[in-house]
Every structure is written in structure tokens, then in C-alpha cells.
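Chemist: Here is a sequence with its predicted model. Questions after.
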Amino acid sequence: MSSERRLHPYSIAFAFLTQIRLFIVPGLFVYLGAQRSEGNWWQPWMMLFILPNAAFAVLRYFTYRYRYDDSELVIRSGLLFRRERHIPYARIQNIDAVQNLLHRLLNVVDVRIETGGGATAEATMSVLPLSALTEMRSRVFAGRHPAAAGAGDNADADRTDQAPAVVGRPLLHLNTRELLLCGFIENRGAVLIAAAFGLIWELGLFDRIVTPLVGEPMGRGVLRNFVRGVISNATISWERIALTVAAFVGLLLLIRLFSMAWAVVRLHDFTLTLVDADARRQFGLLTRVSQTIPLRRVQTLSVREGPLHRYFGRVAVRVSTAGGRLEEQSANADREYVAPILPTDTLDEFARAMIGVTISGTAWHPPHPRAFRREIKGWLFTAAFACTVAAFYLRWDVWPLVPSGILWAVVGARQTVKHLGWAETDEAILFKSGWLWRRTAVVRFAKIQTVTLHASPFDRRTGMARVHVDTAGASEGSVIHIPYIPAEAASALYVRLSAEAAQRQFKW
């Protein structure tokens with residue numbers, strides 16, 4: 001039996017620092033609140049609860065062990081309640097390495113082991129020496145790629161599962177200009193602004209900032225009263241209007257600037273490289289992340305583009321892997337965002353390298369001619385609901401808004417149906433949807449798990465049907481739902497997809 005190994009002794013210090021980082025923000029608010037309120041002197045002492053967590057960190061270091069057996073990684077942990085996990089090497093799809101500045105200074109790394117069994121990491125090791133990471137990768141991935149190549153000789157069994165395998169081929173590198181553009185388009189600076197907003201509010205500084213702009217202390221009715229004044233043609237000074245508009249525009253620009261800066265820091269030196277049968281990513285300025293996505297486990301490729309993406313000629317590409325999820329809030333979502341920004345004219349080359357499918361040049365099938373009648377009902381209901389809220393909550397005279405709501409519903413429904421469609425190639429099924437924010441999903445036949453033909457009473461009455469395509473570990477964002485298909489076309493598509501999925505050998 002192989003000798004057991006421990007975590008690095010620095011793991012105790014890193015666990016303690018993690019607890020301090022988690023407690024420092026709420027602790028600051030508790031301290032400020034206690035200073036401003038009498039009788040709450042005891043609240044800051046609640047921070048002493050960090051000490052038991054520090055004791056657990058020491059206990060975890062002395063009870064955490066791992067070893068390498070012939071075909072699996074074995075991890076033992078716990079003192080009173082002991083846990084032993086056996087992770088076969090063949091099931092490990094990724095070993096992620098994360099290093100912040102302190103990690104790099106001390107030559108240690110956080111390691112996350114991913115399998116196809118769920119949306120979270122199978123094991124997290126914090127922290128290990130860099131030499132232990134190199135050993136783990138060599139032991140786990142030893143002999144994997146030759147075996148995969150041998151299994152791929154049967155082309156008839158799975159023609160699309162043979163992902164391109166070019167050693168060390170650079171697929172994508174994002175320079176500073178592209179990262180700034182990515183941050184401008186994605187606009188994720190709102191998180192930092194919200195944190196600053198909460199701190200300013202807690203310190204009681206918000207009234208001092210807002211009062212000179214709106215002429216009164218900040219409250220729930222300030223914005224509502226301002227909008228009411230504009231709607232009712234009340235006398236409002238041009239100076240107040242100009243200051244309010246300038247403050248709003250300045251806030252939007254500030255959010256964009258924060259987003260651009262955050263993108264440069266988070267995705268610094270973003271590099272995606274094809275090595276053997278894997279796509280390997282490295283990125284990050286302060287926290288350096290090294291990740292691997294096995295191409296054979298890619299289930300769905302999703303191309304997303306918003307209005308700004310189209311204006312700048314860019315798209316964003318994500319993939320879902322076996323056992324993973326596609327939502328931005330999940331643990332794997334950031335890893336599966338393989339191309340945060342990509343020039344549109346290089347999309348086909350990128351898709352061929354990732355899944356062996358070309359997106360452009362496909363013949364898209366339009367929805368049923370009566371799809372607009374079905375779609376507009378939902379839009380009209382939304383418009384009516386919005387007008388109702390305006391009438392009962394804001395006390396507006398909503399009649400001028402009714403024609404605008406109907407026009408918005410008609411345009412929205414028509415554009416939604418116009419950009420709806422599905423296509424088939426020799427190896428995959430494609431589906432596009434969305435109007436302002438468009439999405440194109442691609443699923444190879446070899447990765448299809450189930451195909452469902454669905455027809456509601458409304459579908460049957462209008463001669464339509466729906467086809468649902470699911471993949472392994474699919475979440476709501478990673479499956480294909482094709483609505484408003486003519487009934488005969490839907491039946492033919494269902495038969496073909498079922499036959500293609502049945503005759504191909506599925507591989508994890």
C-alpha cells in the first residue's frame with residue numbers, strides 16, 4: 001500500500017485567514033452598528049466565534065490523509081466521524097489549481113478534484129506543495145490519453161467523440177484590450193458598487209451625498225416622487241433634473257469602469273490551449289487559476305451574444321460537461337466559460353476544435369407559421385401586468401402607456417419568433433433562441449441521453465409539438481427545448497434524434 005500523505009502545514013494558516021476574510025465584512029458592520037447604538041456593546045465580542053473555527057482547522061490538518069493506490073485516490077478525514085473516499089482515476093475529469101499571491105509566495109496551491117458526479121468538487125485540498133500537485137497530475141492522468149486514443153478507433157461507434165487532439169496548440173489568448181472589452185460588455189461592476197453602496201449607507205454618508213442632488217434626504221419616495229413630477233408636468237428645476245441625470249449617467253459609467261478593471265484582474269493573461277485531448281486554461285492576476293476541461297466530456301456548447309456583443313463583433317462561449325452545470329451561480333460555471341469573449345469570425349474554428357462541429361452555414365428550420373399567435377399571448381400578459389403595477393403602485397394614469405405596451409408586446413413576440421429555429425448537421429443538433437440576448441446551443445448526437453416529443457393541448461390544437469433533448473448531467477440551462485415545431489416535422493426530428501443517439505456509443 002502506498003504511504004499516506006498530509007496537507008502542507010501552511011493549511012492551518014490559510015484556513016485561519018479564510019475565516020478572518022469571511023468574518024471581517026460582517027464584523028465591520030456589527031462593530032459600526034454597535035458604535036451607533038447603545039446597549040449593543042456585546043455584539044463585537046461575537047467575533048470570538050472565529051476561535052473554534054481555527055481549532056477545527058488544526059484538527060483537520062492532523063486528521064486529513066490521502067494516498068495513491070493502483071487505480072484510485074483514497075482520502076481519509078475526520079476524528080470522531082471518520083470518512084473515507086475512494087475516487088477512481090478514470091472518473092477524475094479535472095484537477096484545478098488555484099494560487100493567490102500568498103500561495104505563490106509560499107510555493108503552495110489549492111487543489112480541486114472534479115468528477116462527473118455533481119456540480120461541486122469531489123475533493124478540495126488546501127493547501128498542497130507544488131510538487132504534490134505535479135505528482136497528483138502525473139499519477140491520475142498517466143496512460144489516459146493513449147487509452148482514449150485506442151478506444152476511439154471504432155469510428156462507427158462514436159464518430160463525433162473523437163475530439164481534435166493537437167499537443168500544445170494555442171486556441172485562444174486574450175490581450176488587455178480584449179479583457180477591457182469583455183468587462184465593458186459583461187458589466188459585472190455592479191457587485192462592487194453594491195458593496196460600496198451598503199458601506200456608505202451603514203456609515204450614514206448616503207444622505208450627505210444624495211441630498212445636494214435631489215434636494216431632500218434619501219428615502220423610499222425620492223425616485224418615485226421625481227418620476228411622478230416628470231409625468232405630471234410638475235414644476236421641477238432644470239438644475240435638479242440635470243444633476244439627477246448626470247449622477248445616474250456617472251453611476252453607469254462608474255459601474256462599467258469597475259467591470260473593466262475587474263475583468264483585467266480576474267482574467268489576466270487568459271490562455272486556452274489544446275493539449276492532447278484536453279482544453280487547458282490559465283488566467284488571473286492576483287489569483288492564478290489553472291484548469292483542464294476534457295473534451296470528451298463536453299456535452300453542450302452554448303454561444304451567447306447580447307446587443308453589445310453584436311456591436312463589437314464578439315460572442316461568449318460556454319460548455320457544459322458531464323456532471324456539471326451551466327448557470328453562473330454554480331461551482332463549475334466559471335470553469336466552463338471557455339471563451340469569455342471571442343471574435344465572431346473565429347467562432348467556427350473554435351467550435352470545430354472544441355466539439356468538431358461548424359455552426360455557420362447550417363440550414364435553419366423556422367417555427368410553425370402560427371407561432372407568433374402563440375408567442376404574443378405571453379407578451380401581452382406581461383404588458384398588462386406591468387400596466388397594472390403602474391396603476392396600483394405608482395398611481396399613474398396608465399392609459400398613455402397601454403399603446404406603448406401593446407407595441408412592445410407585438411415587436412417582442414415577432415422578433416422572438418423571427419430568431420427562433422433549429423438545424424441538423426451530420427453530427428449534431430443546433431437550436432437558436434433569443435432576440436436581444438441570443439443563444440445558440442449545440443449538442444452532438446453522441447452526447448444525447450434522452451429525446452422527448454411533447455404536445456400540449458394548445459400544441460395539438462394548432463398542429464404543433466415540442467422536442468426536448470437532454471444530455472448527461474444536464475441542468476435547465478444546458479438542454480435544448482425546441483418549441484412551435486410543425487407536428488410532422490417534430491415527429492420526424494424525434495425519430496431521427498432517437499435513432500442517432502441509439503446507434504452511437506456514449507462515452508464519459
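Modeler: Okay, I see it.

Chemist: Pull out the buried positions in stretch 261-271.
Modeler: 262-264, 266-268, 270 (16 or more other Cβ atoms under 10 Å). The C-beta positions use only the backbone N, C-alpha and C, and glycine is treated the same way.

Chemist: Out of those residues, list just those in strands.
Modeler: Phe270 (DSSP state E).

Chemist: Would you mind giving the buried residues of stretch 261-271 as a markdown table with pLDDT and distance to Arg314 added?
Modeler: Formatted as a markdown table, the buried residues of stretch 261-271 follow (pLDDT from 0 to 100; distance: Cβ to Cβ, whole Å):
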| residue | pLDDT | distance to Arg314 |
| --- | --- | --- |
| Trp262 | 89 | 18 |
| Ala263 | 92 | 13 |
| Val264 | 93 | 16 |
| Arg266 | 91 | 18 |
| Leu267 | 93 | 14 |
| His268 | 93 | 19 |
| Phe270 | 95 | 14 |
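
Chemist: Give me the subset of the buried residues of stretch 261-271 lying in helices.
Modeler: 262-264, 266 (DSSP state H).

Chemist: now, among those residues, which is nearest to Ala371?
Modeler: For these, the residue nearest Ala371 by Cβ to Cβ is Ala263; the value is 37.8 Å.

Chemist: on that earlier part again, any idea which of the ones in helices among the buried residues of stretch 261-271 is closest to Gly313?
Modeler: Ala263 (17.8 Å).

Chemist: I'd guessed the closest one sits against Ile185; true?
Modeler: No: contact criterion Cβ atoms under 8 Å: Ala263 and Ile185 do not qualify, at 9.1 Å.

Chemist: Could I get the full set of helices for the stretch 251-400 of the chain?
Modeler: 307-312, 333-336, 347-355, 371-393 (DSSP state H, counting those that start in this stretch).

Chemist: element containing Leu179, please.
Modeler: Remark: Leu179 resides in helix 176-186, with elements defined by DSSP states H and E.

Chemist: That helix - contacts with which helices or strands?
Modeler: In this structure, helix 176-186 packs against helix 238-266, helix 307-312, strand 314-321, strand 339-343, with contacts taken as 3 or more Cβ pairs under 8 Å, 6 or more residues apart in numbering; DSSP states H and E.

Chemist: Run the chain-centre distance for that helix.
Modeler: Chain-centre distance of helix 176-186: 17 Å, with Cα atoms, centre = their mean, to the nearest Å.

Chemist: And it, what's buried?
Modeler: Buried residues in helix 176-186 (16+ other Cβ under 10 Å): 178-186.

Chemist: which outside residues touch it?
Modeler: 174, 189, 256, 259-264, 267-268, 270, 306, 308-309, 312, 314, 316, 340-341 (Cβ atoms under 8 Å, 6 or more residues apart in numbering).

Chemist: re earlier: and the helices of the stretch 251-400 of the chain as TSV, adding mean neighbour count, distance to Ser404 and mean pLDDT?
Modeler: Compiled in TSV, the helices of the stretch 251-400 of the chain are given as follows (neighbours: other Cβ atoms under 10 Å; distance: least, Cβ to Cβ, whole Å; pLDDT from 0 to 100):
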stretch	mean neighbour count	distance to Ser404	mean pLDDT
helix 307-312	14	20	95
helix 333-336	18	36	49
helix 347-355	19	36	93
helix 371-393	15	9	87
